[in-house]
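Undergrad: I need the structure of the sequence given here:
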Amino acid sequence: MSIPIESAVPLLAVFDVPRSVAFYRDALGFEVANTSKPFTDAKDDYGWAMLRLNGVELMLNNMYEDNLRPSGPDQARVAAHADTIIYFACPDVDGAYATLSEHGIAASQPKVAYYGMKQTYVTDPDGYKLCFQWPAGSN
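TA: Numbers count the residues shown, from 1 in each chain. Alright, predicted model coming up:
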């Protein structure tokens with residue numbers, strides 16, 4: 001018997017929650033659906049945030065307890081983030097690329113992978129890779 005699950009929500013450990021919230025909200029269009037209590041009065045100064053866009057959910061969590069983080073991220077830890085790729089079903093890959101470019105975000109030129117998916121890739125502020133993809137020729 002299988003477990004009756006209906007969805008999955010990735011949780012990304014991030015160095016600077018306000019910076020990450022701004023990236024996902026302001027550049028990608030996610031809305032902030034829920035947060036932990038703010039640490040300060042500074043904008044988006046949460047330890048955790050749930051983001052939502054068109055039914056897709058993503059959680060961001062401060063990688064340091066009580067917001068006590070060092071002056072810079074641990075590069076070894078951030079390097080491991082490159083092993084994580086979140087694939088978003090995106091019917092308009094060219095439009096996603098244009099939007100990312102308009103926000104000054106370096107995205108790869110859209111291209112069709114050998115397995116038939118048109119894709120553009122971007123890296124978020126913490127080194128996590130994001131891929132916006134759709135079957136080539138289906139829209």
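Undergrad: and the longest helix along the chain, C-alpha only, in PDB?
TA: In the chain, taking DSSP state H as the definition, the longest helix is helix 93-102. What follows is helix 93-102, C-alpha atoms only, in PDB (Å, rounded to 0.1, in the frame of the first residue of the first chain):
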ATOM      1  CA  VAL A  93      10.400  29.300 -20.900                       C
ATOM      2  CA  ASP A  94      11.300  32.200 -23.200                       C
ATOM      3  CA  GLY A  95       9.000  34.500 -21.100                       C
ATOM      4  CA  ALA A  96      10.700  33.300 -17.900                       C
ATOM      5  CA  TYR A  97      14.100  34.000 -19.400                       C
ATOM      6  CA  ALA A  98      13.000  37.500 -20.400                       C
ATOM      7  CA  THR A  99      11.600  38.200 -16.900                       C
ATOM      8  CA  LEU A 100      14.700  37.000 -15.200                       C
ATOM      9  CA  SER A 101      16.900  39.100 -17.500                       C
ATOM     10  CA  GLU A 102      14.700  42.200 -16.900                       C
END
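Undergrad: buried sites along that helix?
TA: By neighbour count with 16 or more other Cβ atoms under 10 Å, helix 93-102 contains the buried residues Val93, Ala96, Tyr97, Thr99, Leu100. C-beta: built from backbone N, CA, C; applies to glycine.
Undergrad: the strands in this protein, which residues?
TA: For the chain, the strands defined by DSSP state E occupy 11-14, 31-35, 48-53, 56-62, 85-89, 111-112, 117-123, 129-135.
Undergrad: Which of the ones you listed sits closest to Tyr24?
TA: With Cβ to Cβ, the closest approach to Tyr24 among the strands of the chain belongs to strand 48-53: 5.2 Å.
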